[in-house]
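Visitor: can you look at this prediction? I've put the sequence above it.
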Amino acid sequence: MCAQPLEVAVEAHVRFIEANLGNAGLYPGTQRLEKEVVRAIGGMLHHEGAGGSIVSGGTEANITALWIARNVTRRKKVVFPKSAHFSFHKACDILGLEPQMVGLDEKFTADLDEVKRVVDNDVCAIVGIAGTTELGAVDDIEGLGALLPDGAFLHVDAAFGGFVLPFLDHGPPKFDFAVPEVSIITIDPHKMGMSTIPAGALMLRDEGQMRTIRKDAPYLDTVGQAAALSGTRCSAAVASTYAAMRFLGEEGYVKLVKGCMDVTRYALEKGTGIGLEPVMDPVMNILCFYAPDVVRIQSEMEKQGWKVSVARNPESLRLVIMPYVTRDSVDGLFADLEEVLGGLDD
């Protein structure tokens, strides 16, 4: 799900390859770039005054988000759907939190009735997913916000969807700071943001809450460590993200996402044309099809030189249509897939 980065993003990354944002006193330029990137992402997510930091990716951002939620609320429970990324299980293990995992509804989004049943005054955060890893489904973030206990956080994991949903042409669902209850958002520039790895972002409505995880390190050129799990931080990813966002701008991202969605819809037509049933109408550039013996299909397709993944909930073939995927490559993939399907009974 990570993108082939833009050339300008790679060039910027290389220029800052030695800089450590964890000691920003030695590298003040990268700290200024980080503030510009955070401001730009905040504006994209309907809150130009948002605080935040560039981190290594969605896993670090999700762990840090729950770290902040725990420290602010002093509560122990986290509610998240079965579709949530595995990093939430890691976070609960590391932070000593109690996971309250809820099921999915018929749209493969968090079941609000189940959420309502499990929330209580010991919940530090409810998690909603804006673009699930397997299906690209978007939880009802406004609905989750309505169930939020007083003082609890609403954290949105938009690691993949964050650079897709704002640029869709068919009225995307509200998922960001436009929803008043949303406290923290995870978003990954190294996915559809077209930056280099490792570039994730942790965005907060209230920047002051980052102080709850601050640890002093007076031996550094800066007084203390800002809100980050990592000590050494990759300045190159900050510069790369800055370059990618400045190069593309809103118009560029709209064009990029439109291209991916056009190819996604084309792949949907090709799949149904050979008798496959989609799991759901794609919200973004992730497409899954029901198929018999998906693990065997995956293996046979790999022999043909194709990398297709398998979703587990529900079991299905999964395609992620990144910007480098073309209609020609889709034609080739489904031609080989049709042949593989025809040989399953052999």
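Guide: Ah, there it is. The structure displayed is predicted, hence computed values, not measured ones.
Visitor: contacts, neighbours, all on C-alpha from now
Guide: Noted.
Visitor: surely Val55 is in contact with His190?
Guide: No. Assessed by Cα atoms under 8 Å, Val55 is found out of contact with His190, at 10.8 Å.
Visitor: need the overlap of contacts for these two.
Guide: Shared contacts of Val55 and His190 (Cα atoms under 8 Å, 6 or more residues apart in numbering): 198-200.
Visitor: which one among those residues gets closest to Leu148?
Guide: Comparing these against Leu148 with Cα to Cα places Gly200 closest, at 25.8 Å.
Visitor: burial measure for that closest one, as a count.
Guide: 28 (other Cα atoms under 10 Å).
Visitor: and what of Val340?
Guide: 18.
Visitor: now, the shared contacts of Val55 and His190 that are in strands?
Guide: Taking DSSP state E as the definition of strands, the shared contacts of Val55 and His190 contribute Gly200.
Visitor: could I get the shared contacts of Val55 and His190 as CSV with pLDDT?
Guide: Output for the shared contacts of Val55 and His190, formatted as CSV (pLDDT from 0 to 100):
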residue, pLDDT
Pro198, 94
Ala199, 95
Gly200, 96
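Visitor: host element of the residue nearest to Val14 when sequence neighbours are not counted?
Guide: When the adjacent residues along the chain are set aside, Val14 lies closest to Ala236, with 6.8 Å between them (Cα to Cα, 6 or more residues apart in numbering). Using DSSP states H and E, Ala236 maps to helix 235-273.
Visitor: same for that helix, what does it pack against?
Guide: Judged by 3 or more Cα pairs under 8 Å, 6 or more residues apart in numbering; DSSP states H and E, the packing partners of helix 235-273 are helix 7-15, helix 28-44, strand 277-278, strand 286-290, helix 327-342.
Visitor: kindly recompute the last result at 7 Å.
Guide: helix 7-15, helix 28-44, helix 327-342 (3 or more Cα pairs under 7 Å, 6 or more residues apart in numbering; DSSP states H and E).
Visitor: take these and write them to a markdown table, including mean pLDDT.
Guide: Output for those, formatted as a markdown table (pLDDT from 0 to 100):
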| stretch | mean pLDDT |
| --- | --- |
| helix 7-15 | 96 |
| helix 28-44 | 93 |
| helix 327-342 | 97 |
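Visitor: let me have those in TSV, extended by distance to Ala243.
Guide: Formatted as TSV, the helices and strands packed on helix 235-273 follow (distance: least, Cα to Cα, whole Å):
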stretch	distance to Ala243
helix 7-15	5
helix 28-44	9
helix 327-342	28
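Visitor: tell me the pLDDT of Ala217.
Guide: The model reports Ala217 with a pLDDT of 73.
Visitor: gap between the closest residue in space to Val102 that isn't next to it in sequence and Phe334?
Guide: Counting by Cα to Cα, 6+ apart, Val102 lies nearest to Pro81, which is 4.7 Å off, once chain neighbours are set aside. Pro81 sits 32 Å away from Phe334, going by Cα to Cα, to the nearest Å.
Visitor: picking up where we left off before, can you list the buried residues in the helix holding Ala236?
Guide: Applying a neighbour-count criterion of 16 or more other Cα atoms under 10 Å, one finds 235-245, 248, 253-254, 256-261, 263-265, 267-268, 270-271 buried in helix 235-273.
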